[in-house]
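Trainee: sharing a model prediction with you, sequence too.
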Amino acid sequence: MKNKDLAMMSADELWSLHEEVRTILSAKLDAEKQELEHRLARLKGRTEHKLKARRPYPKVRQKYSNPDSPSETWSGRGKQPRWVRAQLVSGKKVDDLLISQMH
């Protein structure tokens, strides 16, 4: 419709046209929303299948203990704790920090 046609319409005709457009627009938006939700569900399904469960690793016993604070321990894996580095800088060897030698 052209603007001239709308300008010539009465208020009642314009209101009924407004109601018709609102109804059609609402139906189209609902259909589009359902389609997007369906696509999202399919995408989520694909990504969930690709995730693999991480294999369980056994617990590792602690091998080293801080002589100044025995509650601080280290298994020897991963990054060295600060207390280990401090003990090494002070002249001790890693073998001096072994838990079996402390007891």
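Mentor: Received it, and whenever you're ready, just let me know what you need.

Trainee: hey, where'd the strands end up in the protein?
Mentor: Under the criterion DSSP state E, the chain carries strands at the ranges 64-65, 73-74.

Trainee: and residue 26, which of those strands is closest to it?
Mentor: Closest approach to residue 26 among the strands of the chain (Cβ to Cβ): strand 73-74, 63.7 Å. C-beta coordinates here come from the backbone N, C-alpha and C atoms, glycine included.

Trainee: hey, what's residue 73 bridged with?
Mentor: residue 65 (DSSP bridges).

Trainee: show me what the mean pLDDT comes to for the longest helix belonging to the chain.
Mentor: Taking DSSP state H as the criterion, the chain has its longest helix at helix 11-50. Average pLDDT, helix 11-50: 88.

Trainee: so which elements touch it?
Mentor: Under the contact definition 3 or more Cβ pairs under 8 Å, 6 or more residues apart in numbering; DSSP states H and E, helix 11-50 sits against no other helix or strand.
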